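In: Generate a structure from the sequence data that follows.
(chains A and B)
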Amino acid sequence: MKDKLAEKLKETLIKIGNKSHIDLSDIRIEIKENKDKDFGDFSSNAAMVCAKKLSLTPIDLAKDVIENLKGIEGIEKLEIAGPGFINFFVTNTSRFKVLEDIFLEGDKYGIKTKTDQEKILIEYVSSNPTGPLHIGHGRGAAFGSVLASLLRANGNIVDEEYYVNDHGRQMDILAVSVLLRYIQLNDIELYYPDDCYQGDYIKEIAKEIFVKSKNKLVPQSSEFFELVKKAKDSEEGLNETISWIKDEEVQNLKIIKDSALKNILSVIKLDLKEFGVNHNSWFHESSLYKKEGSKNSKIEQALETLQNNNFIYEEDGAIWFKSTEFGDDKDRVVRRANEDPTYFASDIAYHLDKYERKYDRVINIWGSDHHGYLPRVKASVSALKQDEKKLEVVFIQFANLLRSGEKVSMSTRGGEFIELADLIEEVGSDAARFFYINRKGDQHLDFDLDLAKEQSKDNPLFYIQYAHARVCSVMQKLNKNQKLDINIAKKNLNLLIGEKEIDLQKQLAMFPEIIERSASKLEPHTICYYLKDLASIFHSYYNDEKIITDDENLLQSKLLLINSVRQVIKNGLGVLGIQAPESM
RNA sequence: GCCCCGUUAGCUCAGUCGGAUAGAGCGCUGGAUUCCUAAUCCAGAGGCCAUAGGUUCAAAUCCUGUACGGGGCACCA
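Out: Just a heads-up that it's a prediction; the model follows:
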């Protein structure tokens, strides 16, 4: 209905414009639901926006528009109000259509099919594979996952990718950590450096490798143990230890690194699965370092291209990328004096790879502590002659965990962080997802553990799910031979004209637009608030009205209404990856 | 110092690419249940939309400055 009105309105304006030879075809007018019922169902600011161009007062223009709009089907009344708003009063009959639509479309209601589908890549989580996911990763995981399903609901093709940082210093430290724990299994006393990973999972991994390798990986050189001693509390010492292993124990290091990576990745995958997060692509950073037959590695190729495009120079023994030419604060090193490419260099190659895979949009979900990193990545994309506008980054702020109103310490030092798996076990995947996305991503979030578990209206997710369960409960209470009969219901829609019944129909009709807006703004939280509003109107209605009555006509029309509510809640929660339980 | 984000009711937060009288929950006060889930509902009180300017017919919303809070500024990943 709203779309139809918007179209008619625009046609009318163009027609009026033509009379005075003024082109209004690209003017942007707005038509929106009214908060205040006295102003009708919809209102438009069209007359106020166009009045100046036509040298008319908004009121006069509005009068003209209304004359032209008269006689449109479904409109009961048109009014001019305030400084020149055009208010639309819709007939009850035209509101009923949404109920038939929902019944016909079912699970598809609100889900768009587009002919011009966009191919979108969302990369998210991408936590270092050096330990299990903790609650700091949870928000990004929930956000990316919901965003993917939201963009799909909006008619696009979406790939979800996890970038595995399986190359570099963190992996080296991981390998050393495991090796040291491994050695300790022989009751050999040795210093365990502060900068090594402290969690108990390292010991588990070491044990596993210990069994498989039959304890053959212990370095035999006393030099090694001296280095470890030195690494106890100095970063330098740790670095020396790492490079010693790299030189002397290449084969063993590889075995340990590979098994540790495999082990941790499988844990991460399991955690994500429990959380309803499903990446369909796992991209390994290490693959960017591998030669491709006769060709250089992806990183070398990318750096060569930058060089050919004249954005590379040498200084202080290092190789730099001129990111300042694209607005970055300073130029960035891509190859260290020791000739190793930096992390940034592999990220350049990674983004180039994404572009080569021909996506229309490339979306990254990053922690907001990385925002300073974006200008250089955008710069590199531009320098590689790619369209940097295709790259969008959504920044996700950290979440605080609250228990009994107190902040739960999230120190990652000493490995005392809370694992995502523990959070899911405590509050459940549904609540965790909902609370993580209940706020705009770039804002701080207090995740209240007690609230997430509470079974009352204070808990917005419970409130929404309860509305769904209530409808299901009514359906259960019907006599055995009774059920929703769409034919009877359709003939009696004119019984649904109570104030709250109309409110419900209006709210239900907004759902497709909510999906669309939420998707286009990359803001999933909009859906949470929409569903809460819908549930609220429903609960209020339910309290006022008895659904089950002896009057078959009335019963059927009401059943259609409440089942529409049930369907939309189900669809909305579905997009969020959350269950809609039939009883609670 | 530079950059990003935020500031809306006592608290936690919404607020439709600028629109008519700024909303919700909690908390507070007072009510509703012989009845489909009271796990709910209804009513009341509560606001200088941080602040000072600017743009506009119209600003919580856009622009600039200021204050306060959070984060970021590596040959780390």
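
In: going forward, measure contacts and count neighbours with C-alpha atoms only.
Out: Fine.

In: for residue A:77, helix, strand, or coil?
Out: Secondary structure, DSSP: H, G, I helix; E, B strand; the rest coil: residue A:77 is strand.

In: What residue, apart from its backbone neighbours, is nearest it spatially?
Out: Distance criterion C-alpha to C-alpha, 6 or more residues apart in numbering; nearest residue to residue A:77, sequence neighbours excluded, is residue A:89 at 4.9 Å.

In: Just the CA coordinates for stretch A:392-403, please, in CSV.
Out: The C-alpha trace of stretch A:392-403 is given here as CSV (Å, rounded to 0.1, in the frame of the first residue of the first chain):
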residue,chain,number,x,y,z
GLU,A,392,33.0,-1.6,3.6
VAL,A,393,34.1,-2.1,7.1
VAL,A,394,31.8,-2.3,10.1
PHE,A,395,33.5,-1.7,13.4
ILE,A,396,32.3,-3.6,16.4
GLN,A,397,32.9,-2.2,19.9
PHE,A,398,33.9,-4.4,22.8
ALA,A,399,31.2,-5.8,25.1
ASN,A,400,31.3,-5.7,28.8
LEU,A,401,29.9,-8.6,30.7
LEU,A,402,27.8,-7.9,33.7
ARG,A,403,26.9,-10.3,36.5
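
In: quick one on the thing from earlier: pull the number of nearby residues for the residue nearest to residue A:77.
Out: Per other C-alpha atoms under 10 Å, the neighbour tally for residue A:89 reads 19.

In: What of residue A:64?
Out: 15.

In: quick one: contacts for it?
Out: Taking C-alpha atoms under 8 Å, 6 or more residues apart in numbering as the definition of contact, residue A:64 has no neighbours.

In: Go again with 10 Å.
Out: The neighbours of residue A:64, taking C-alpha atoms under 10 Å, 6 or more residues apart in numbering as the test, are A:12-13, A:16, A:47, A:58.

In: who's in contact with the one residue in chain A that gets nearest to RNA strand B?
Out: With C-alpha to the nearest atom of the strand as the measure, residue A:457 is the residue of chain A nearest to RNA strand B, at 2.8 Å. Residues near residue A:457 by C-alpha under 10 Å, 6+ apart: A:451, A:463-464, A:466, A:536.

In: follow-up on the earlier one: give me the buried entries from the contacts of residue A:64.
Out: A:12-13, A:16, A:47, A:58 (16 or more other C-alpha atoms under 10 Å).

In: Shouldn't the residue nearest to residue A:77 be within a strand?
Out: Yes: checked against three-state DSSP, residue A:89 lies within a strand.

In: Got the confidence number for it?
Out: Residue A:89 is assigned 92 on the pLDDT scale.

In: Let's see which of the buried ones among the contacts of residue A:64 end up in helices.
Out: A:12-13, A:16, A:47, A:58 (DSSP state H).

In: Which of those sits closest to residue A:224?
Out: Residue A:224 has its nearest neighbour among those in residue A:47, at 81.1 Å by C-alpha to C-alpha.

In: Hmm, that closest one is touching residue A:59, no?
Out: Yes: if you go by C-alpha atoms under 10 Å, residue A:47 and residue A:59 touch, sitting 7.2 Å apart.

In: what residues do those two have in common as contacts?
Out: In contact with both residue A:47 and residue A:59: A:65, A:80, A:83-86, using C-alpha under 10 Å, 6+ apart.

In: Only whichever of the residues you listed are buried, select them in PyMOL.
Out: One line in PyMOL is enough to select the buried members of the shared contacts of residue A:47 and residue A:59, burial here meaning 16+ other C-alpha under 10 Å:
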select buried, chain A and resi 65+80+84+85+86
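
In: Which ones among the shared contacts of residue A:47 and residue A:59 map onto helices?
Out: Among the shared contacts of residue A:47 and residue A:59, the members found in helices (DSSP H) are residue A:65.

In: Taking the shared contacts of residue A:47 and residue A:59 together, which two end up most distant?
Out: A:65 and A:83 (14.9 Å).

In: Against which helices or strands is the lowest-mean-pLDDT helix or strand in chain A packed?
Out: Least confident helix or strand of chain A, by mean pLDDT, DSSP states H and E, is strand A:406-407 with a mean of 80. On a contact count with 3 or more C-alpha pairs under 10 Å, 6 or more residues apart in numbering; DSSP states H and E, strand A:406-407 meets strand A:399-403, strand A:445-448.

In: Pairing partners for that strand, with directions?
Out: strand A:399-403 (antiparallel) (DSSP bridges).

In: tell me which parts of the stretch 151-300 of chain A are close to RNA strand B?
Out: A:165, A:167-170 (C-alpha under 7 Å from any atom of the strand).

In: what does the stretch 301-450 of chain A give?
Out: A:315-318, A:332-333, A:335-338, A:342-344, A:368-373, A:439-440, A:442-446.

In: Is it possible to mark the buried ones in those residues?
Out: A:318, A:332-333, A:335, A:343-344, A:368, A:439-440, A:445-446.

In: Take those residues and keep only those in strands.
Out: A:318, A:332-333, A:335, A:445-446 (DSSP state E).
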